[in-house]
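Visitor: Dropping a prediction and its sequence here:
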Amino acid sequence: MLHNLGLERNLRIAGAAVYSGGFIGERIEYSSAMTLNDPKGVLMNDKLAVILASGDPRVLEMGLMYARNAAKQGWMSDVKVFLFGPSETQVATDPALREMVEAVIGEGLIPVACKYCSDKYLVSELLDELGCAIEYVGAPISDAIKAGYVPMVW
């Protein structure tokens, strides 16, 4: 049986070392970015980076709805929202998506739109008026991942 072999696995979860073999009495180390909130005791990260990159309004609707509810319902301890590429044009020009972004902002989340993309697509002013932050997002997305945010790309 495996538990008699004393095997141990070294896993990497969101940048923190976790030692787990799933055996009774085995030592598990985790960072403050992880919680034991799964009923089966599985380590899960509770910080989320929602990256909206699709140009499909149906996909963006689902991503915005999830981000809003994750914050509103407390499903995650911290949620960041990034707009990247084709999503920026859709969000800037689609009235239904603009309304959803306003709801996301109403939950205290400020979407960060990629300055390069929004300038390229000529929608920076519209996104700024909507309440989005306009920044180059390569470093902020990378920093969020390094800080333990799980990227969820829509």
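Guide: Now that the structure is in, tell me what you want to look at.

Visitor: Domain parsing of this protein, as residue ranges.
Guide: The chain breaks down by automatic domain parsing into domains covering 1-39, 47-153.

Visitor: Columns mean neighbour count and mean pLDDT on top of those, output as TSV?
Guide: For the C-beta atoms, the positions are set from N, CA and C on the backbone; glycine is no exception. Formatted as TSV, those follow (neighbours: other CB atoms under 10 Å; pLDDT from 0 to 100):
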stretch	mean neighbour count	mean pLDDT
domain 1-39	12	44
domain 47-153	18	97
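
Visitor: downstream neighbour of the helix or strand containing residue 62 in the secondary structure list?
Guide: Using DSSP states H and E, residue 62 sits within helix 57-72. Next helix or strand after helix 57-72 toward the C-terminus (DSSP H and E): strand 78-83.

Visitor: pull the CA atoms of that following strand into CSV?
Guide: Extracted in CSV, the C-alpha atoms of strand 78-83 (Å, rounded to 0.1, in the frame of the first residue of the first chain):
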residue,chain,number,x,y,z
ASP,A,78,-9.8,39.3,-3.2
VAL,A,79,-10.8,39.8,-6.9
LYS,A,80,-9.0,41.8,-9.5
VAL,A,81,-10.5,42.4,-13.0
PHE,A,82,-8.4,43.1,-16.0
LEU,A,83,-9.6,44.0,-19.5
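
Visitor: who does it pair up with?
Guide: Using DSSP bridges, strand 78-83 pairs in its sheet with strand 47-52 (parallel), strand 112-114 (parallel).

Visitor: who's in contact with the nearest residue to residue 49 once chain neighbours are set aside?
Guide: Using CB to CB, 6 or more residues apart in numbering and skipping residues adjacent in sequence, the residue nearest residue 49 is residue 149, 4.1 Å away. Taking CB atoms under 8 Å, 6 or more residues apart in numbering, we find residue 149 in contact with 14, 45, 47, 48, 49, 78, 80.

Visitor: Just give me the residue closest to the centre of this structure.
Guide: Nearest to the geometric centre of the chain sits residue 49, at 1.7 Å (CA atoms, centre = their mean).

Visitor: Quick check: bridge partners of that residue?
Guide: Under the criterion DSSP bridges, residue 49 forms beta bridges with residue 80, residue 151.

Visitor: Before I go, just wanted to say thanks for your time.
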